[in-house]
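Colleague: Predicted coordinates and the sequence they were generated for:
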Amino acid sequence: MMLKVSNLNKNFDGVVALKDFSLELKEKEIIGLIGPNGAGKTTFFNVLSGFVKPESGKIIYRGKDITNSGSHNIVFEGISRTFQDLRLIRQILVIENILLSFNHTNGENIYNIMFNQRSWKKIEEQDKQKAFELLEYAGIKDKANDLANDLSYGQQKLLSLICCLAADAKLLLLDEPIAGINPEMREKILNIISELPLKGKSAIIIEHDMDFIERICSRVIFMDMGEKISEGTPSEVRNDPKVIEAYLE
Ligand SMILES: Nc1ncnc2c1ncn2[C@@H]1O[C@H](COP(=O)(O)OP(=O)(O)OP(=O)(O)O)[C@@H](O)[C@H]1O
Ligand SMILES: [Mg+2]
């Protein structure tokens, strides 16, 4: 098992955001996390990526307990995420957003920067090349030197996915990757996500769009009020009376 999350609990001033929430994920698996607004989906990502501390529960990632690791360490462990509200740096270039997303274990080392200019330069060159490759892969190479702010909303969503790929994570957490974008961009993003297993990567995808989830995920988890209500294939979950009831409430 790549990821084993057990019995996470998180409350915000009495509001239950996660209640005994558990989840397992295999290598190269893509699962969908669905549920109504306020169900706790983003909170789960916040806990898993180290931005929010759970009150109880355990997260084991590739055999290591990361429950209390900070967000920075979790990125180093190989988990990278996108945000529902994107959080790109809008006043710098598209290419610079990608360069900032690379995950160096030694390149960032202050010693290397101060005393080994040559090796730093080399890393910089390699990064630039990789960043252009990613932009080419996403089909927005011509935007490399635009401000992130000048991209369309769909292109910004695409860029945040590309930044997530740049971190070279094994596990990607994608929070509503296609919400509010046009059908063409949606297909593009769907294709990039579909190729993740071929690259040895896994993903958990939060999305309200069930058609999208069905096309991309073999397994779906439905949550409501912090709790896992249903789990199975997309059609099993869609037809689960508990899910239908939760949506009607
Ligand atoms: N930092 C916070 N402080 C206080 N309450 C929070 C915080 N983060 C989340 N909550 C509350 O926890 C609950 C779960 O929120 P969360 O954002 O995880 O839902 P969600 O499933 O992602 O919803 P959506 O589909 O609208 O994005 C909500 O009631 C929300 O108001
Ligand atoms: Mg959310």
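Modeller: Received the coordinates, thanks. Ligands and ions are numbered 1, 2, ... in the order given.
Colleague: What count of nearby residues applies to Asp211?
Modeller: By other Cβ atoms under 10 Å, the residues close to Asp211 number 10. In short, each C-beta sits where N, CA and C put it, glycine included.
Colleague: how much space between it and Val237?
Modeller: 14 Å (Cβ to Cβ, to the nearest Å).
Colleague: Check Gly50 too.
Modeller: 28 Å.
Colleague: cool, Glu195 as well?
Modeller: Separation of Glu195 from Val237 (Cβ to Cβ) stands at 24 Å.
Colleague: ditto for Tyr137
Modeller: Using Cβ to Cβ, we find Tyr137 at a distance of 32 Å from Val237.
Colleague: Grab the nearest non-local neighbour of the spatially most central residue of the chain.
Modeller: In the chain, the C-alpha nearest the mean C-alpha coordinate belongs to Leu173, at 2.1 Å (Cα atoms, centre = their mean). Nearest non-adjacent residue to Leu173, counting by Cβ to Cβ, 6 or more residues apart in numbering: Arg81, 3.8 Å away.
Colleague: try Ile140
Modeller: Once flanking residues are discounted, Ile140 sits nearest to Gln155: 6.0 Å by Cβ to Cβ, 6+ apart.
Colleague: and the one you found, how many neighbours?
Modeller: Gln155, neighbours per other Cβ under 10 Å, totals 20.
Colleague: From ligand 1, how far out is it?
Modeller: Gln155 sits 22 Å away from ligand 1, going by Cβ to the nearest ligand atom, to the nearest Å.
Colleague: list the contacts for that residue?
Modeller: Going by Cβ atoms under 8 Å, 6 or more residues apart in numbering, Gln155 touches Ile140, Lys143, Met185.
Colleague: Most neighbours among those, which one?
Modeller: Neighbour max across the contacts of Gln155 (other Cβ under 10 Å) = Lys143, 20 neighbours.
Colleague: Am I right that that residue is in contact with Asn97?
Modeller: No. Taking contacts as Cβ atoms under 8 Å, Lys143 lies outside contact range of Asn97: 10.7 Å.
Colleague: Backbone dihedrals for the residue in the chain positioned nearest to ligand 2, please?
Modeller: Residue of the chain nearest ligand 2, by Cβ to the ion: Thr42 (3.1 Å). Main-chain dihedrals, Thr42, degrees, to the nearest 10: phi -70, psi -40.
Colleague: Same check on Ile206?
Modeller: Dihedral pair for Ile206: phi -90, psi 130, per degrees, to the nearest 10.
Colleague: tell me which element Lys50 falls in.
Modeller: Let me fix one detail, which is that residue 50 is Gly and not Lys. According to DSSP states H and E, Gly50 maps onto no helix or strand at all.
Colleague: Just give the number of residues close to it.
Modeller: Gly50, neighbours per other Cβ under 10 Å, totals 21.
Colleague: Spatially nearest residue to it (excluding sequence neighbours)?
Modeller: Closest residue to Gly50 apart from its sequence neighbours, by Cβ to Cβ, 6+ apart: Ser71 at 3.8 Å.
Colleague: what residues are up against the one you found?
Modeller: Going by Cβ under 8 Å, 6+ apart, Ser71 touches Ser49, Gly50, Phe51.
Colleague: tell me the pLDDT at it?
Modeller: pLDDT for Ser71: 90.
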